[in-house]
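Asks: Fold the following for me, if possible:
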Amino acid sequence: MRLIEVNDKHSADEFLKLPIRLYKDEPHWIRPLDKDIHQVFDPDKNKYFRNGELIRWILKNEQGEVVGRVAAFINQRTVKKDNEQPTGGMGFFDCINDKKAAFMLFDACKDWLSARGMEAMDGPINFGDRDNGGAVW
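Replies: Residues are numbered from 1 along each chain as shown. Prediction:
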């Protein structure tokens, strides 16, 4: 399996479309609007980039098929300082039912956050407003 940073239009499209394929047979899954997902990752539209940073990945299997996705982020306004534990966030986790794939995605978040001084990881949580997918970071 290969972890790929989402850093172009093609990989962003693959990131967006994975849940459509994963949950196509789930009658209770409601697809979020594409524009809402795009806005979370757009520094011009998401005010949380002013005090934070974000990375996202897709995971491909040996056949080149996307089998997982995840994002990790830090919002310096919510990072606990002084005597509390610095904590980053992760979200947009979707993955096939495969423990190795899931751990690759979680470990990518853990390593990225750790390299930025975070001692803990909270999630799943959203890097955006509550009305765009969940708790705020």
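
Asks: quick one: what helix or strand has Glu53 in it?
Replies: Using DSSP states H and E, Glu53 sits in strand 52-60.

Asks: What pairs with that strand, parallel or antiparallel?
Replies: Paired with strand 52-60 in the same sheet, following DSSP bridges, are strand 2-5 (antiparallel), strand 66-75 (antiparallel).

Asks: Point out the most buried one among those strands.
Replies: strand 66-75 (a mean of 24; mean count of other C-beta atoms under 10 Å). The way it works is simple: take the backbone N, C-alpha and C, and place the C-beta from them, glycine included.

Asks: Average the pLDDT values over it and round to the nearest integer.
Replies: For strand 66-75, the mean pLDDT works out to 94.

Asks: quick one, helices of the protein?
Replies: Counting by DSSP state H, the segments of the chain that form helices are 9-22, 34-40, 99-115.

Asks: What helices and strands are in contact with the longest one?
Replies: What that stands for is helix 99-115. With contacts defined as 3 or more C-beta pairs under 8 Å, 6 or more residues apart in numbering; DSSP states H and E, the packing partners of helix 99-115 are strand 2-5, strand 52-60, strand 66-75, strand 87-95, strand 120-122.
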